[in-house]
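Q: Dropping the sequence and predicted coords here.
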Amino acid sequence: MNKRYWWILITYTLMQFSAVPGVLLLRELDIPLERIPGIWSMFSFTTGLIIIVLLLMPEIRNRHEVRGRSSRGEAIRWSIIGVFFVFAAQYAAALIEMFLLGIEPGSENTETIVEFAKAFPAFILVISVIGPILEEIVFRLVIFGALYKRFNFWISGILSSLIFAAVHMDFTHLLVYTAMGLVFAYLYVKTKRILVPIIAHVAINLFVSIVNVLLADQIEDWMEQLEQLEQQTSLIIGGLL
């Protein structure tokens, strides 16, 4: 692994641990407590992304020299296919967790992130765009890429995905994160373009954000209306019988 990649890992690690002093700093500024995680994440993730992109400038300039790199059309096609692959992998992993491992669906990590986004809506940009870009650079380009030079796809994919899950502090759903990580790694290996898993990752997170944050209240209203409609229908049918 070259020296710049080590600096990328150091930058990402410092960004993660900066939450502690960042929260303490923002508390001194009398910012509402529920908005602090979103505000600091916006600052730290944006700063981290800028630094990491600057560190990657040599790769960005020489990207056309990568052997076996897919064409632009193939990259677009695999980005779209990748979204469905990730959904399928998540669903399959969730079913295995439920029926074979007895793990209940739902993630505390996701619920916490949703609460942060509701308190500070701009945080959606972090979880939908900035976060996925950083994670694909760190976990696929750097960590998976380094492992893949020494091991086969499965060992490299599983190890990098386990680290990916550990950073999210969601050890209950290791299988789901591993399945997602393997799909993202496959997309990267298949196309030799880190942009492809980035697009798939952004699409997945954007969908989750829209459903759980932007449309959460509306979906809840729809469910209540549906429940009322079912009750009214049952009463009408009961009256007719």
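A: Happy to help now that I have it.

Q: So which elements touch the one helix or strand S209 maps to?
A: Here S209, judged by DSSP states H and E, is contained in helix 195-209. Here helix 195-209 is seen to pack against helix 72-99, helix 131-135, helix 174-191 when contacts are counted using 3 or more C-beta pairs under 8 Å, 6 or more residues apart in numbering; DSSP states H and E. C-beta: built from backbone N, CA, C; applies to glycine.

Q: Now the first one: buried residues?
A: Within helix 72-99, the residues scored as buried using 16 or more other C-beta atoms under 10 Å are 75, 78-79, 82-83, 85-87, 89-90, 93-94, 97.

Q: go on, stretch 117-135?
A: Neighbour-count burial for stretch 117-135 [16+ other C-beta under 10 Å]: 117-120, 123-135.

Q: picking that back up, the helix holding S209 to helix 72-99, inter-axis angle?
A: Angular relation of helix 195-209 and helix 72-99 on a 0 to 180 degree scale: 50 degrees, by axes from the mean of the first three to the mean of the last three C-alpha atoms, to 10 degrees.

Q: can you list the residues that contact helix 195-209?
A: Applying C-beta atoms under 8 Å, 6 or more residues apart in numbering, the external contacts of helix 195-209 come out as 70, 75, 78-79, 82-83, 85-87, 110, 117, 124, 127-129, 131-133, 135-137, 140, 180, 183-185, 187-188, 190.

Q: Quick one: mean pLDDT over it.
A: The average pLDDT for helix 195-209 rounds to 92.

Q: got the CA coordinates for it in CSV?
A: The C-alpha trace of helix 195-209 is given here as CSV (Å, rounded to 0.1, in the frame of the first residue of the first chain):
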residue,chain,number,x,y,z
LEU,A,195,-17.2,5.2,-9.4
VAL,A,196,-19.5,2.2,-10.1
PRO,A,197,-19.8,1.0,-6.5
ILE,A,198,-20.0,4.6,-5.4
ILE,A,199,-23.0,5.2,-7.6
ALA,A,200,-24.7,2.0,-6.4
HIS,A,201,-23.9,2.8,-2.7
VAL,A,202,-25.3,6.4,-3.1
ALA,A,203,-28.4,5.1,-4.7
ILE,A,204,-29.1,2.6,-1.9
ASN,A,205,-28.5,5.2,0.8
LEU,A,206,-30.5,7.8,-1.0
PHE,A,207,-33.5,5.5,-1.2
VAL,A,208,-33.2,4.6,2.5
SER,A,209,-33.0,8.3,3.4
